[in-house]
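In: I would like to see how this sequence folds:
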Amino acid sequence: MSALFRLIFIVPFAYIFSCAAAGLTIYAAWQHTGFVLEEAQFELILGSVFVAMAFGAVSFPVSLIGIIIAEAFTIRSFVWFVVLGLLNGYILSWTLPEFPTVFSYQGMFELPALQGFEASTTAYLAGGSAFGLVYWLLVGRNSGLEESRIR
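Out: Residues are numbered from 1 along each chain as shown. Below is the predicted model:
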């Protein structure tokens, strides 16, 4: 009964909170670079919500497959969920290459290791890793059924 409760209620809420963390990370990265005004706190909240909704909608099929695999094979690795989040962030960068504003993101993140990526891709990858971290913290550590739980 507790496994059914976990799959029906806890996993979807963890997915929603993880998408919110990804949206906040992506939008905070844009705000940190100066493309969004720092004084606009309400815009930070509203923009994070919209980015989180886009992240949740685009990444749902890939996340569903990854979560089903993790639950079925009892994968509890931190790396599994972060790589799943990075994959979701990369897919989001394909779907939404730029945030729909008049700003240009040239030189947003000037890291030598990421010179081949666009600036928005780097922000989406950071959001994806935040997604994986939060999901792992909430439910990924207890994925699958342990032998002691089966009666």
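In: hey, let's count contacts and neighbours off CA atoms from now on
Out: Fine.
In: which regions of the chain sit below the pLDDT cut-off?
Out: 1, 33-41, 97-119, 145-151 (pLDDT under 70).
In: all helices of it, in order?
Out: 2-5, 11-32, 41-72, 78-95, 119-138 (DSSP state H).
In: Can you tell me which of the ones you listed is packed in deepest?
Out: Of all those, helix 119-138 has the most neighbours on average by mean count of other CA atoms under 10 Å, namely a mean of 25.
In: and the angle for that helix with helix 41-72?
Out: Counting by axes from the mean of the first three to the mean of the last three CA atoms, to 10 degrees, helix 119-138 lies at 60 degrees to helix 41-72.
In: Also compute the angle for helix 119-138 relative to helix 78-95, please.
Out: Between helix 119-138 and helix 78-95, the angle comes out at 150 degrees (the same axes, to 10 degrees).
In: which secondary structure elements does helix 119-138 contact?
Out: Applying 3 or more CA pairs under 8 Å, 6 or more residues apart in numbering; DSSP states H and E, we find helix 119-138 packed against helix 11-32, helix 78-95.
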